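>>> A predicted structure for the sequence below; I have some questions about it.
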Amino acid sequence: MPSRIVNLLVGPESDGMRLDAFLAAGEGMPSRSACARLVEGGTVTINETPATSKSEKVLLGDRVRALVDEPEDAAGPLRPNPEIPLDIRFEDDHLIVLSKQVGLVCHPSPGHVDDTLANALVAHCGYAHLGMLQGEERPGIVHRLDMETSGLMVAAKDDATQKALQDLIRLRVLDRRYVTLVHGPIAHDEGTIETGIARSTRDRLRMAVSDAPGAREAITTFRVLERFEAGPRDDGYTLIECHLYTGRTHQIRVHLRHVGHPLVGDPLYGRGDLRQNLGLSRQFLHSWRISFEHPATGETVELADTLPDDLLGVLESLSDRSMGRTSAGEKICPLLTPDGRGAHREG
């Protein structure tokens with residue numbers, strides 16, 4: 001395999017950085033985990049002395065040299081797409097936690113061939129460093145978010161990690177929390193929706209609550225964060241946090257429609273009135289928190305993600321209609337915005 005030598009000088013902005021992080025920040029360098037493997041493979045020197053640890057600190061004026069393999073051609077059916085940005089919140093040799101942007105499909109489907117999260121993961125990690133249990137067209141994928149749903153999700157870099165993470169989901173101990181705004185007032189502060197879900201017999205693009213033999217069990221719990229009073233053209237809104245115990249297609253969207261509270265902006269299961277949807281053209285649904293035990297290290301990985309600007313704007317437009325937050329809302333809503341106020345105006 002062809003290689004190239006990369007020479008880097010540690011400047012003031014990099015003084016005290018970990019070696020693997022410093023290498024990964026260099027122009028044209030591979031991912032941090034790949035840089036860590038370079039150190040472990042003995043191809044990195046600091047001031048002409050072989051580096052022995054990826055966590056070693058580099059100091060101002062150090063001269064770092066690395067022998068870097070040129071990227072191999074893709075060893076699978078997907079074209080690597082380095083143009084798709086990855087908002088990575090946690091990464092090590094085994095897995096990645098990222099915040100998926102709105103409009104990004106998780107893996108190839110009709111109309112989306114090389115513009116998916118899977119294509120971006122192949123560009124970032126390479127096929128050799130992604131789990132393949134879901135097949136070569138779904139490298140690294142552990143669970144999915146709908147195209148127009150934003151927020152945190154996990155990808156696996158090897159088969160063992162991918163299987164372990166899928167087992168955590170199956171055992172219902174990979175904690176996934178979503179925030180959504182729904183139409184209408186929800187009276188109870190918390191509740192559980194437990195049904196079967198299957199593909200709709202009327203519209204193959206939709207899923208539906210079903211008790212047919214082929215329906216799969218789906219469990220969603222929710223708790224109310226904040227309620228908003230009715231307006232001239234609507235019956236009010238409720239901001240809730242949903243906890244997924246299963247991961248069925250469109251589960252939250254189907255469940256909330258089933259109980260009479262469709263998601264604001266949902267083009268498939270919601271209300272078509274743009275005014276009632278507060279100008280939102282995609283479902284108000286964000287994966288805001290994820291927590292799990294790391295399969296390899298045993299450490300607890302727990303991350304939270306603030307709401308994107310379009311959803312924050314919707315909440316801001318409703319702030320004068322707030323009927324108050326629940327105790328859960330007082331804790332969670334400040335975590336959803338960069339300024340810690342949760343788009344909430346004090347009376």
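It's in.
>>> how near is Asp62 to Tyr269?
56 Å (C-beta to C-beta, to the nearest Å). C-beta: built from backbone N, CA, C; applies to glycine.
>>> show residues contacting the lengthiest helix in the chain.
Longest helix in the chain, counting residues (DSSP state H): helix 159-170. Contacts to helix 159-170, defined as C-beta atoms under 8 Å, 6 or more residues apart in numbering, come from residues 94-95, 131-134, 140, 142-143, 154, 156, 174, 247, 292-293, 295-296.
>>> cool, stretch 86-98 as well?
Residues outside stretch 86-98 that contact it (C-beta under 8 Å, 6+ apart): 31-33, 36-37, 99-101, 120-121, 124-125, 140, 152-158, 161, 165, 290, 294-297, 301, 303, 305.
>>> so where do the helices sit in the stretch 1-150 of the chain?
Taking DSSP state H, counting those that start in this stretch to define them, one finds helices in the stretch 1-150 of the chain at 19-24, 32-40, 117-125.
>>> return the most buried member of those.
Per residue and on average, the most neighbours among those fall to helix 117-125, with a mean of 25 (mean count of other C-beta atoms under 10 Å).
>>> list the contacts of the residue sitting furthest away from the middle of the chain.
Ranked by distance from the centre of the chain (C-alpha atoms, centre = their mean), the top residue is Glu48, with 40.4 Å. Taking C-beta under 8 Å, 6+ apart, we find Glu48 in contact with Arg63, Arg65.
>>> cool, and the one 10 residues further on?
Contacts here follow C-beta under 8 Å, 6+ apart; on that basis Val58 touches Val10, Ser14, Asp15, Gly16, Met17, Arg18, Leu19, Phe22, Ile46, Val64.
>>> swap in Gly42?
Residues near Gly42 by C-beta under 8 Å, 6+ apart: Pro50.
>>> how does it look with 10 Å?
Residues near Gly42 by C-beta atoms under 10 Å, 6 or more residues apart in numbering: Pro50, Ala51, Thr52, Leu67.
>>> what residues of stretch 47-62 count as buried?
Ala51, Lys54, Glu56, Val58, Asp62 (16 or more other C-beta atoms under 10 Å).
>>> using TSV, lay out the residues you listed together with distance to Glu229.
Putting the buried residues of stretch 47-62 into TSV (distance: C-beta to C-beta, whole Å) gives the following:
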residue	distance to Glu229
Ala51	61
Lys54	55
Glu56	58
Val58	57
Asp62	61
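>>> okay, strands next: where are they in the stretch 101-250 of the chain?
150-156, 175-183, 190-199, 207-209, 216-228, 237-244 (DSSP state E, counting those that start in this stretch).
>>> among those, show me which one is buried the most.
Neighbour counts (mean count of other C-beta under 10 Å) averaged over each of these peak at strand 150-156, with a mean of 25.
>>> now it: how far from the chain's centre is it?
Distance, stretch centre to chain centre, for strand 150-156: 3 Å (C-alpha atoms, centre = their mean, to the nearest Å).
>>> packing partners of it?
Judged by 3 or more C-beta pairs under 10 Å, 6 or more residues apart in numbering; DSSP states H and E, strand 150-156 is in contact with strand 87-91, strand 95-100, helix 117-125, helix 159-170, strand 175-183, strand 285-293, strand 300-304, helix 309-318.
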